[in-house]
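1. make a model of this:
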Amino acid sequence: MTLLNSISGFRGTIGGCQGESLTPFDVVKYTTAYALWLSIQNPESKLKVVVGRDARQSGPMIEHLVNGTLMAMGVDIICLGLTTTPTTALAVLHYGAHGGVIITASHNPKNWNALKLLTHEGEFLDSKQNAELLELAKEPCTDYADVSKIGRLTSSGNYIEEHIRKITDLPLVDVDAIKSAGFHVVVDAINSSGGIAVPRLLEALGVKKITKLFCEPDGQFAHNPEPLPEHLTEISNVVRKFNATLGVVVDPDVDRLAIVDENGNMFGEEYTLVAVADYILMHHPGNTVSNLSSTQALRVITQKYGGHYVASAVGEVNVVKKMKETEAVIGGEGNGGVIYPPLHYGRDALVGVALFLSHLARTRKSCSALRATLPSFFISKNKIILDWEIDTKLIISRMAQKYAMYPQNTCDGLKIEFNGDWVHLRLSNTESVIRIYAESDSQQKADVLAKKILLDIKELMQKDLD
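-> Purely as a prediction, here's the structure:
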C-alpha cells in the first residue's frame, strides 16, 4: 500500500491502513487541513470550493468524504461530479471560488486515487503552500462548524459544456477549417471522464466522424492509463482499420494528450506540445517554457520564430510559475501536457486537441507530414536504484564537478548540455533513485549517452565503497 504527497496533491492506493494508503481517515485528514489552509488565506470570507472527480470506481466514495468534510468545516461546495482536471480549474475561476479539489490519480492504475488541490487561481499549490498544509494536517484537534454554519452543496454537472464553449471561442481555434477538413478522429479515453468530454469537444469543433474507443466512463480502465506507445496498440490498429485521420488519447483526468497518426504510429507525446507551440508561435511569436526533462525541439521552434525558451523544474506548478515570469505564450510538459494562457494556466488536453486540429486543418497536411516538419530528437529514459545509505545529492554534486566544463542547470537535479545533446539527472522524492534522461538526434546516440552517464555514476559509487 502507498501514500504519497507532492505538489500535485495527496495520492495513494485504496484500502489498507490509515497513514499507509489513501483511506477514508486520510481523505478527511487532508481535506480538513486544506479547509484550514484556505481559511488562513481568506480569514474574513465564507469559503467556496469547487469539487470534481474522474471516473475511477473509488471516486464517488472519496467525493462524498471530501464534500462532507468541507461542509463540516463550513465550506460551501460547487460539485461538478464526473469531470476533468482542467474543467475543475476553469470552474474555480468562473465561480470565483477560493480553491478546488479534483479527485483523480491521473495516469496511475485504477486502484489509486488522489486529492489534487487548487488555489483560487485554479492552479496547484506550490511547495511552500504544500508544506504549510502538511503542518496543518499534524494538528491533533480541529474545530468543525456548528450546525448553523455547515456549508451548502450546489451541483453543477454540466460545466464541461462551458469549458468547450470557452475553447471554441478562442481566436486560434479554427472551427470552420476543422469542419471543412472532414476529419475522422478515433478517441481512446481509457473509460474515464474523457469519454464524455473529448467526443463533445470534437462535435463542437465540427469533426465529421468520431469513432469511440473505451469511452464508457465506468472506471474500468481497458489498458494501463498512462498514454505511452506500449499501452496504445488497440487505437493504432483501429486508426489503420478505419483509415482515420488520426487518433486522440487522453489520460483519466484529461490533462495529458497523445496523438496517433494516420498510419497508426505514435506522433510522440513529447511532440504534442511542440506541434501546438509551432501553431501558436507562427501566429503569436513569443516566449515558451517546458520542464528540464522535455525535448529541446520546443527551444528550436521558439528560436525559429524569434522567441526565448526557458526550462523550469519538473512539475506543472513550476512550469506555470516560469511561464508567468517570462510572459510565455505557450508552455507545458513533454508528457503531452499543453498549457495555453489565454484559456487558463493548467495542462489541458481539450484545448490541446482543438489547437492541434486547427493546425492540421490550416496546413492541410496529414499527421505524419506535419510531424516531419518539426525538428526531430529522441529521448532515452533510464534510472539507477541506489542503496538508501548512498548520498544521492553528493553523487549529483560530483557529476556536476566531473562535467564542469559544460553548461549546466541545477534548478532540479542536474542538467548538462553536450554540444546539442543533453542529460538530466533527477532525484526521486520518494525512493533512492536517480532518474537519467538523455536526448540526441538519434535514439542510438541518446541511449549511448545515457549509458555513459550511468557508468559514471556507478564508478563514483564504487569509489565511495572502496
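2. shaky segments in the stretch 1-150 of the chain?
-> When residues are selected by pLDDT under 70, those of the stretch 1-150 of the chain lie in 1-2.
3. quick one, longest helix in the chain?
-> helix 443-465 (DSSP state H).
4. how much space separates the closest residue in space to residue 337 that isn't next to it in sequence from residue 250?
-> Nearest in space to residue 337, with sequence neighbours left out and distances taken as CB to CB, 6 or more residues apart in numbering, is residue 347 at 3.6 Å. Just so you know, the C-beta spots here come from the backbone N, C-alpha and C atoms, and that holds for glycine as well. Applying CB to CB, to the nearest Å, the value for residue 347 to residue 250 is 11 Å.
5. please apply the same query to residue 25.
-> For residue 25, the distance to residue 250 - CB to CB - is 32 Å.
6. and the one helix or strand residue 113 maps to, what does it pack onto?
-> Counting by DSSP states H and E, the element that carries residue 113 is strand 112-118. Here strand 112-118 touches strand 9-13, helix 24-41, helix 59-72, helix 85-94, strand 99-103, going by 3 or more CB pairs under 8 Å, 6 or more residues apart in numbering; DSSP states H and E.
7. among the ones you listed, which is nearest residue 319?
-> helix 85-94 (14.1 Å; CB to CB).
8. what packs against the longest helix of the chain?
-> Other helices and strands packing on helix 443-465, by 3+ CB pairs under 8 Å, 6+ apart, are strand 378-385, helix 392-402, strand 421-427, strand 433-440.
9. so can I have a markdown table of those showing distance to residue 237 and mean neighbour count?
-> Below are the helices and strands packed on helix 443-465 laid out as a markdown table (distance: least, CB to CB, whole Å; neighbours: other CB atoms under 10 Å):
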| stretch | distance to residue 237 | mean neighbour count |
| --- | --- | --- |
| strand 378-385 | 24 | 16 |
| helix 392-402 | 42 | 15 |
| strand 421-427 | 34 | 22 |
| strand 433-440 | 30 | 22 |
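10. circling back: between residue 25 and residue 250, point out the one with more neighbours.
-> Per other CB atoms under 10 Å, whichever of residue 25 and residue 250 has more neighbours is residue 250, with 28 against 12.
11. next up, the contacts around the nearest residue in space to the more buried one that is not next to it in sequence.
-> Leaving out its chain neighbours, the residue that sits closest to residue 250 by CB to CB, 6+ apart is residue 194, at 4.0 Å. Residue 194 is in contact with 84, 187, 215, 250, 251, 252, 254, 349, counting by CB atoms under 8 Å, 6 or more residues apart in numbering.
12. ok, of the residues you listed, which one's closest to residue 138?
-> Using CB to CB, the contacts of residue 194 come closest to residue 138 at residue 252, 30.7 Å.
13. what's around that closest one, how many residues?
-> By other CB under 10 Å, 33 other residues sit near residue 252.
14. ok, now residue 171?
-> Residue 171, neighbours per other CB under 10 Å, totals 8.
15. distance check, it against residue 283.
-> Using CB to CB, residue 171 is found at 9 Å from residue 283.
16. mutual contacts of residue 347 and residue 250, please.
-> residue 256.
17. got the contact list for stretch 219-228?
-> So stretch 219-228 is contacted by 54-57, 59, 107-110, 190-192, 214, 230-232, 234, 249-252, 256-258, 269, 336 (CB under 8 Å, 6+ apart).
18. mind listing which of those are in strands?
-> Mapping those onto strands (DSSP state E) picks out 249, 250, 257, 258.
19. picking that back up, from what I can see the residue nearest to residue 337 touches residue 334, true?
-> No. The criterion here is CB atoms under 8 Å, and residue 347 misses it with residue 334 at 11.4 Å.
20. the helices and strands packed on helix 443-465: which one's closest to residue 40?
-> strand 421-427 (30.8 Å).
21. that closest one - contacts with which helices or strands?
-> Judged by 3+ CB pairs under 8 Å, 6+ apart, strand 421-427 is in contact with helix 392-402, strand 414-418, strand 433-440, helix 443-465.
22. now the third one, how far from the centre of its chain.
-> Spelled out, that is strand 433-440. Taking CA atoms, centre = their mean, to the nearest Å, the mean C-alpha location of strand 433-440 is offset from the chain mean by 19 Å.
23. could you do the longest one as well?
-> When distances are taken as CA atoms, centre = their mean, helix 443-465 is centred 29 Å away from the chain's centroid.
24. how about it: buried residues?
-> Buried positions in helix 443-465, judged by neighbour count with 16 or more other CB atoms under 10 Å: 445, 446, 447, 449, 450, 453, 454, 456, 457, 460, 461.
25. got the angle between that helix and strand 378-385?
-> 20 degrees (axes from the mean of the first three to the mean of the last three CA atoms, to 10 degrees).
26. who has more neighbours, residue 347 and residue 334?
-> A count of neighbours by other CB under 10 Å puts residue 347 above the other of residue 347 and residue 334, at 30 against 24.
27. so what's the more buried one up against?
-> Counting by CB under 8 Å, 6+ apart, residue 347 has contacts 85, 86, 255, 256, 316, 332, 333, 337, 338, 339.
28. hmm, try it at 6 Å
-> Residues near residue 347 by CB atoms under 6 Å, 6 or more residues apart in numbering: 255, 316, 337, 339.
29. with residue 241 instead?
-> By CB under 6 Å, 6+ apart, no residues touch residue 241.
30. measure it to residue 293 for me?
-> 34 Å.
31. quick one on the thing from earlier: just the CA atoms of the longest helix of the chain, as PDB, please.
-> What follows is helix 443-465, C-alpha atoms only, in PDB (Å, rounded to 0.1, in the frame of the first residue of the first chain):
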ATOM      1  CA  GLN A 443      17.800   7.000 -30.400                       C
ATOM      2  CA  GLN A 444      21.100   5.200 -30.600                       C
ATOM      3  CA  LYS A 445      23.100   8.300 -29.600                       C
ATOM      4  CA  ALA A 446      20.600   9.100 -26.800                       C
ATOM      5  CA  ASP A 447      20.900   5.500 -25.400                       C
ATOM      6  CA  VAL A 448      24.700   5.600 -25.600                       C
ATOM      7  CA  LEU A 449      24.800   9.000 -23.800                       C
ATOM      8  CA  ALA A 450      22.500   7.700 -21.100                       C
ATOM      9  CA  LYS A 451      24.600   4.600 -20.700                       C
ATOM     10  CA  LYS A 452      27.800   6.600 -20.400                       C
ATOM     11  CA  ILE A 453      26.300   8.700 -17.600                       C
ATOM     12  CA  LEU A 454      25.000   5.600 -15.900                       C
ATOM     13  CA  LEU A 455      28.500   4.100 -15.900                       C
ATOM     14  CA  ASP A 456      29.900   7.400 -14.500                       C
ATOM     15  CA  ILE A 457      27.500   7.200 -11.600                       C
ATOM     16  CA  LYS A 458      28.400   3.600 -10.900                       C
ATOM     17  CA  GLU A 459      32.100   4.500 -10.900                       C
ATOM     18  CA  LEU A 460      31.500   7.300  -8.300                       C
ATOM     19  CA  MET A 461      29.500   4.900  -6.200                       C
ATOM     20  CA  GLN A 462      32.300   2.300  -6.300                       C
ATOM     21  CA  LYS A 463      34.900   4.900  -5.200                       C
ATOM     22  CA  ASP A 464      32.800   5.600  -2.200                       C
ATOM     23  CA  LEU A 465      32.600   1.900  -1.300                       C
END
